[in-house]
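> any chance you could fold what I've pasted below:
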Amino acid sequence: MEELDAVCRQAARDLLARDGRPLRPAVVLPLPEATRVTTLPDFPDDDEGRAALLDRFAADVMAPANAPAFGFVAEGAVGDVEVVTVVYGARNQAAQIVAAVLDGDEAGEFSVPEPLADAALPFLAPLRRAADAAHAPDVFGT
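Sure, this is the predicted structure:
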């Protein structure tokens, strides 16, 4: 999970450096051949629409790639403070959440990872289910 945390934090910083703000939500998929970052420019405003979009993404992208891990990057606010939030999870592991205060187009230091509460960000459930459904790689070629 530490490596997944580092990859997702770096993806958030790279997205900010490349695209600036407002930061479009993105899904990070660390795959054996490369890390894939997909921005979601038409991300719906409601949880039901978000879940439907991520369900299609999980079916169309994660399942065929057998992706056992994911990250989700988005800009948000905690009170009056604007932050970049990163949620990441892996097959049969509890999802974690970190955040960093935004200063212009740069993220400050990220918080210490905390488990994502089951009721928090319910629209991410399709990504969690897809990661859990991924099968372990066949390292012996049998």
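
> what does the helix or strand bottoming out on mean pLDDT in the chain contact?
Taking mean pLDDT, DSSP states H and E as the measure, the chain has strand 106-107 as its least confident helix or strand, at a mean of 92. Applying C-beta atoms under 8 Å, 6 or more residues apart in numbering, the external contacts of strand 106-107 come out as 12, 13, 16, 17, 84, 100, 101. To be clear about C-beta, it is placed using only N, CA and C from the backbone, and glycine gets the same treatment.

> what does the residue lying closest to residue 67 once chain neighbours are set aside show for phi and psi?
Nearest non-adjacent residue to residue 67, counting by C-beta to C-beta, 6 or more residues apart in numbering: residue 29, 4.8 Å away. The phi/psi pair for residue 29 (degrees, to the nearest 10) reads phi -120, psi 100.

> could you do the one 4 residues further on as well?
As for residue 33, its main-chain torsions (degrees, to the nearest 10) stand at phi -80, psi -30.

> could you do residue 14 as well?
Residue 14 has phi and psi values of phi -60, psi -40 when expressed as degrees, to the nearest 10.

> ok, it to residue 134 distance?
As judged by C-beta to C-beta, to the nearest Å, residue 14 and residue 134 stand 24 Å apart.

> who's more crowded, these two?
A direct count of neighbours by other C-beta atoms under 10 Å for residue 14 and residue 134 places residue 134 higher, at 18 against 15.

> so for the more buried one, what pLDDT did the model give?
Residue 134 is assigned 94 on the pLDDT scale.
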